[in-house]
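Undergrad: Whatever this is, show me its structure:
(one chain, ligands or ions: 1)
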Amino acid sequence: MEIHKYEKWWMIFGTGTLIVFLIILGVSAFHSGTHPNNSKWTIDYEKVDEYAPFDNPGLHKVEGKDWDYEVVLVAQAFAYNPTEIEIPVGSKVRFIATTKDVIHGLEVAGTNINMMLEPGYVSEKITTLDKAGTYTIVCNEYCGTGHALMYSTLKVVD
Ligand code: CUA
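TA: Just a heads-up that it's a prediction; the model follows:
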């Protein structure tokens, strides 16, 4: 069977671009070690409740640190623990969160707090809450049938 000259060129071109694509994908996804969570703090996600600080979720006033409060949040399908947090306005806060099961996306709507929670990793964010108001902590990563019902409330009060 004769293959037309141009058809052959296009086959080579098509195969070539596919190979280039796979090389780029492979190098960027695996070789570069790309991982959505850059956290070095790991945890056994099946025993989250047993380890500090996750054995005591909620708001904690801290002394002698660069921040005033720590908010410890535990995510699981389909809830956050605690379900409500109240913090004085102007506080510098370190959010510390993890998940007990699947990937969740912790986002405090209307702020710059937005972090992926992955099983086995602890995610952190230090920020200053300088606007009073009631914020909803949502889950922005689809995690199952109850995904849309998964939320907590952050009250920044005067
Ligand atoms: Cu948790 Cu979506």
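
Undergrad: near the ligand, which residues of the protein show up?
TA: Within the chain, the positions adjacent to the ligand are H104, C139, E141, Y142, C143, H147, M150 by Cβ under 6 Å from any ligand atom. Using the backbone N, CA and C atoms, a C-beta is placed for each residue, glycine as well.

Undergrad: Any idea what T136 is bridged to?
TA: T153 (DSSP bridges).

Undergrad: before we move on, back to that, the residues of the chain next to the ligand, buried ones only, as a ChimeraX selection?
TA: Selection command for ChimeraX covering only the buried members of those, criterion 16 or more other Cβ atoms under 10 Å:
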select :104,139,141,143,147,150
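
Undergrad: how about the residues of the chain next to the ligand in CSV, adding distance to E124?
TA: As requested, the residues of the chain next to the ligand are exported to CSV (distance: Cβ to Cβ, whole Å):
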residue, distance to E124
H104, 15
C139, 18
E141, 17
Y142, 23
C143, 20
H147, 23
M150, 20
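
Undergrad: how far away is the residue positioned nearest the centre of the chain from T17?
TA: By Cα atoms, centre = their mean, the chain has its centre lying nearest to M116, at 0.8 Å. Counting by Cβ to Cβ, to the nearest Å, the gap from M116 to T17 is 32 Å.

Undergrad: With W41 instead?
TA: Distance of W41 to T17, computed by Cβ to Cβ: 41 Å.

Undergrad: Pull out the buried residues from stretch 130-147.
TA: For stretch 130-147, the neighbour count (16+ other Cβ under 10 Å) marks Y135, I137, V138, C139, E141, C143, H147 as buried.
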